[in-house]
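1. Need coordinates for the below:
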Amino acid sequence: MKILDLGCGCHKMPGAIGVDFNPNSDADIIYDLNAFPYPFPDNGFDLIHCDGILEHLDDIVQVMEELHRIAKPGAKIEIIAPVLHQR
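-> Numbers count the residues shown, from 1 in each chain. This is a model prediction of the structure:
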């Protein structure tokens with residue numbers, strides 16, 4: 001299974017290719033996820049993990065298009081985002 005951990009920070013998912021903007025992270029690839037297209041081939045990943053990264057990116061629609069492009073057919077995309085409380 002080919003796994004991509006976008007915005008991995010210092011807690012990269014075991015067995016994943018980690019991507020982060022911060023050179024002090026556990027990332028295998030240092031990359032600005034606001035730059036498109038992402039440096040990955042079409043249909044390349046079985047699992048894409050995004051934990052606490054989407055809220056830091058500028059164009060969520062473009063990010064979703066890229067995730068769709070680089071995910072294999074039937075791939076799983078995990079998105080974890082903070083809960084926003086309204087008053």
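2. Skipping adjacent residues, who's closest to residue 37 in space?
-> Here the nearest residue to residue 37 in space, its sequence neighbours aside, is residue 66; by CB to CB, 6 or more residues apart in numbering that works out to 6.3 Å. All C-beta spots, glycine's among them, are computed from the backbone N, C-alpha and C.
3. in a strand, that's where the one you found is, yeah?
-> No - membership of residue 66 in a strand is not supported by DSSP: H, G, I helix; E, B strand; the rest coil, which gives helix.
4. so how far is residue 6 from it?
-> Distance, residue 66 to residue 6, by CB to CB, to the nearest Å: 9 Å.
5. just to revisit the earlier point, count of residues packed around the residue nearest to residue 37?
-> 18 (other CB atoms under 10 Å).
6. Tell me where this structure has helices.
-> For the chain, helices defined by DSSP state H occupy the ranges 60-70.
7. Below-threshold pLDDT in it: ranges please.
-> Scanning the chain for pLDDT under 70 picks out 87.
8. Going by residue numbers, what spans are strands in it?
-> 3-6, 17-20, 29-30, 45-51, 71-80 (DSSP state E).
9. which helices and strands does the second one pack with?
-> Put plainly, it is strand 17-20. strand 3-6, strand 29-30 (3 or more CB pairs under 8 Å, 6 or more residues apart in numbering; DSSP states H and E).
10. Pull up the pairing partners for the first one, direction included.
-> Okay, so that is strand 3-6. If you go by DSSP bridges, strand 3-6 pairs up with strand 17-20 (parallel), strand 45-51 (parallel).
11. Give me whichever of the ones you listed is most buried.
-> Mean neighbours per residue, mean count of other CB atoms under 10 Å, is largest over those for strand 17-20, with a mean of 22.
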